[in-house]
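Student: Sequence unavailable; structure follows:
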RNA sequence: GCCGAAGUGGCGGAAUAGGCAGACGCGACAGUCUCAAAAACUGUUGAAGGGCAACCUUCGUGUCGGUUCGAGCCCGACCUUCGGCACCA
């Protein structure tokens, strides 16, 4: 009788041993190629849920596979530890964010260890610790030094009752999550990073192996559009500027401009508003400011606006163009001003209809008879009513008008991006303080490098309103100016946590380096990350910010590469009961209970088997029991004593051994290829098939003892990445020396894996009619002959003429008959 | 609205340089073992029809068309679901 498979016991035992032996600690080793396998580090929410496992376990399997292939694998783990939830916990439950976060980390580290991954814990990184955020602040200073950080005005969500700034997620349908007052917009001076400087480069993904989907999302996010800037002449006593610029992708419609629209926040609005319009305009602006957040949710909101009583002149035809203000124009895009061409833009059309503004056709649709348009015609066409440009097709018109504008100095070709600069200021406590000082004499002065880190004070007083305690911390705020030595004040805003995660992957290379954020040699050795895995929810923010960061560091000469992640893979999501897991639905799967009942190996294998990794799937209790059954069967198979039958002839035995070798080598090939491509569900299926085959073969007893043993050894090594504990235990129990995880990944022999026989399919007019087992070496001639001599086929051919025979080597013969 | 992904048995999913649809697993049914149950093991399992039987026939990959000797896979139109962006001038 074989001892039962007892995962609890063996998993604990091996995890302890691997840790004691520091089996997975890694250092630079020039004799082996390096492999940097990184999983997005988790936010310190408190509990590791099954989604974390779904991110971590399969990537560990792949990393282990690479390790057995002979790579020196760096597979680190850490914690994204700054952020709003810690502060909410402080307000709600009176726990200090630091304490709350570190407790969560302790718990999550314990849970992470239960996965049985090859994490090198000696490299752990925690972003909220001063020895980490010191360098986050250092990067801020570097970006500032290189002109990539600047101060600008930006609106924030403001709750008038709490007297505080709210994050977007604290605004629910336009109301404060806490006190339910209406949230308004307020301009604050804040810090920005010039990510737009890299807009073009961020759209280029040609050197990296990323999912097409993510690349497209990033491209859309950057949203480059090529167009023309056109200036309209302005002559107004209150304004020095003699022009207002607009951006358009359709300069060919310039003669169709019948009004101009400014964004409500446009700086010229107040100056250009005629005295008799003041009340109306300021009311409109107030309303739109108040409504933005609430109304933003309503997609097809009716376009409205107000005429401000001033005009510009369209220089191409010297027409007076009335200026309106309307909130469908955004200050943050283009120039914040739009030339309205109602005949050829849907929004302008609706607006013109509503306010009875003229609609002039300047691009003729193909069969246009000169009639009024029922709706905006936004396609290309032929220019009409456009002076010297009449008759030009749109495409040529765009060029001709742009040339003309450039000649006259009235504008020219321009590019506009949807991407905006990265606003990194947060009016929060639990983040890395922005290392800046405001001196009444010297102005804005960066904290000198030697004074880093600017420590987050521990004695923080949390107000239920959610206001940042830093603002009221006298000890923190009051400092002296590093330049003149006079009394000065510190910046009280902290940094966006995306800043912490934009460089953590560099820190893993030298996690305790204390004279710089990283040791250049080590970064040179390990980076870029060879395979980065994580959820697609980070497609644009985190992944774009990290790419920006690296490009900026490259231009500063700090790193020698421009892309942080050579290959990216996004896993799907695990759902339960057809729905996303959430506490409120009460359908959260907690891995701990499954681990303690069935073992980590079973959970690991199940997560890989349940669905393609990139797709995600539904957690199902009876599904996991299938994995559990398989591993139990496998356990018994490996440990059962194998006795070859003595009633087997040498020929039978030889044939059976050849088949066994073939199946084994085919499986090695399938598993290796599936792992490479991260097709983990079919990899598990291949392992199950080999297990099933070996079980049957053992019963037959046709192969010799050594042949059987060789097959089992291969199976165990193939299993090692997926079920590391089980494989280690069985490796030891079958008499091998510790550790299976230092074994070489099995290779496959092409010759041994080759099929000797194939099933030849015979079709008539593409329909399957017969199957024959033939030697794999069959020639085209023979295959056709065999097909035509089959009784079944003959019956079908009765009285018909074969007009064509199609042969697909190794697969089929298709007879085309009439 | 725009961009992107995906629709295959009762269920999760296999199969794409166009070539045996349904691998592997779950569930279900039947059987072995048992006083009984659980577990385990064995067998059957896309649908409809036919045959005593090994088997045979027809239909079948969201819908409708097309290309091809041959389409789950390619092309066109549409439907549905999911993800992303939401007035981008």
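Tutor: Yep, that arrived. What you see is a predicted model; the values in this text were computed from it and never measured.

Student: ranges for the helices of the stretch 351-500 of chain A?
Tutor: A:394-408, A:474-477, A:497-500 (DSSP state H, counting those that start in this stretch).

Student: Over to the stretch 151-300 of chain A?
Tutor: Under DSSP H, counting those that start in this stretch, the stretch 151-300 of chain A gives helices at A:199-203, A:212-222, A:269-272, A:278-295.

Student: other SSEs contacting the host helix or strand of residue A:19?
Tutor: Assigning secondary structure by DSSP states H and E places residue A:19 in helix A:7-20. Here helix A:7-20 touches helix A:97-114, helix A:600-609, helix A:724-733, going by 3 or more Cβ pairs under 8 Å, 6 or more residues apart in numbering; DSSP states H and E. The C-beta positions use only the backbone N, C-alpha and C, and glycine is treated the same way.

Student: Which positions within it qualify as buried?
Tutor: Going by neighbour count (16 or more other Cβ atoms under 10 Å), the buried part of helix A:7-20 is A:7, A:10, A:11, A:14, A:15, A:18.

Student: closest to RNA strand B among those residues?
Tutor: residue A:7 (14.3 Å; Cβ to the nearest atom of the strand).

Student: what's the closest non-adjacent residue to that closest one?
Tutor: Of all residues not flanking residue A:7 in the chain, residue A:599 sits nearest, at 2.5 Å (Cβ to Cβ, 6 or more residues apart in numbering).

Student: Quick check: that neighbour touching residue A:11?
Tutor: Yes. Using Cβ atoms under 8 Å, residue A:599 is in contact with residue A:11, at 5.7 Å.

Student: does any bit of the helix holding residue A:19 sit next to RNA strand B?
Tutor: No. Counting by Cβ under 7 Å from any atom of the strand, RNA strand B has no neighbours in helix A:7-20; the shortest distance is 14.3 Å.

Student: hmm, who's touching that helix?
Tutor: A:23-24, A:113-114, A:116, A:596, A:598-602, A:724-726, A:728-729, A:739, A:741 (Cβ atoms under 8 Å, 6 or more residues apart in numbering).

Student: following that helix, which helix or strand shows up next?
Tutor: Next along from helix A:7-20, by DSSP H and E: strand A:34-39.

Student: Can you list the strands that that following strand pairs with?
Tutor: Its sheet considered, strand A:34-39 pairs with strand A:72-74 (parallel), strand A:531-535 (parallel) by DSSP bridges.

Student: Would you mind putting those into a markdown table with mean neighbour count alongside?
Tutor: Shown next, in a markdown table, are these (neighbours: other Cβ atoms under 10 Å):
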| stretch | mean neighbour count |
| --- | --- |
| strand A:72-74 | 23 |
| strand A:531-535 | 21 |
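
Student: Reformat those as a markdown table; add distance to residue A:58 and mean pLDDT.
Tutor: Listed next are those as a markdown table, based on distance: least, Cβ to Cβ, whole Å; pLDDT from 0 to 100:
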| stretch | distance to residue A:58 | mean pLDDT |
| --- | --- | --- |
| strand A:72-74 | 15 | 97 |
| strand A:531-535 | 8 | 94 |
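
Student: RNA strand B: which of those strands is closest?
Tutor: strand A:531-535 (9.9 Å).

Student: Got the phi and psi for the residue lying closest to residue A:504 once chain neighbours are set aside?
Tutor: Sequence neighbours aside, residue A:125 is the residue nearest to residue A:504 in space, at 5.6 Å (criterion: Cβ to Cβ, 6+ apart). For residue A:125, the backbone dihedrals (degrees, to the nearest 10) come out as phi -120, psi 130.

Student: Tell me which residue in the stretch 401-550 of chain A sits closest to RNA strand B.
Tutor: Closest point on the stretch 401-550 of chain A to RNA strand B, by Cβ to the nearest atom of the strand, is residue A:418, at 3.8 Å.

Student: where does the stretch 551-700 of chain A come near RNA strand B, residue by residue?
Tutor: A:609-612, A:615, A:617-618, A:620, A:622-623, A:625-627, A:629-630, A:632-633, A:679, A:681-682, A:684-685, A:688-689, A:692, A:695.

Student: tell me how far the ends of stretch A:186-204 are from each other?
Tutor: End-to-end span of stretch A:186-204 (Cα to Cα, to the nearest Å): 35 Å.

Student: wait, does that stretch contact RNA strand B?
Tutor: No. Stretch A:186-204 lies out of reach of RNA strand B by Cβ under 7 Å from any atom of the strand, never closer than 12.0 Å.

Student: pLDDT score assigned to residue A:18?
Tutor: pLDDT, residue A:18: 96.

Student: circling back: looking at the helices of the stretch 351-500 of chain A, which one is packed in the most?
Tutor: Of all these, helix A:497-500 carries the top mean neighbour count, a mean of 23, counting by mean count of other Cβ atoms under 10 Å.

Student: Which secondary structure elements does it sit against?
Tutor: helix A:130-145, helix A:541-555.

Student: Including mean neighbour count and mean pLDDT, could those helices go into a markdown table?
Tutor: Shown next, in a markdown table, are the helices and strands packed on helix A:497-500 (neighbours: other Cβ atoms under 10 Å; pLDDT from 0 to 100):
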| stretch | mean neighbour count | mean pLDDT |
| --- | --- | --- |
| helix A:130-145 | 21 | 97 |
| helix A:541-555 | 21 | 96 |
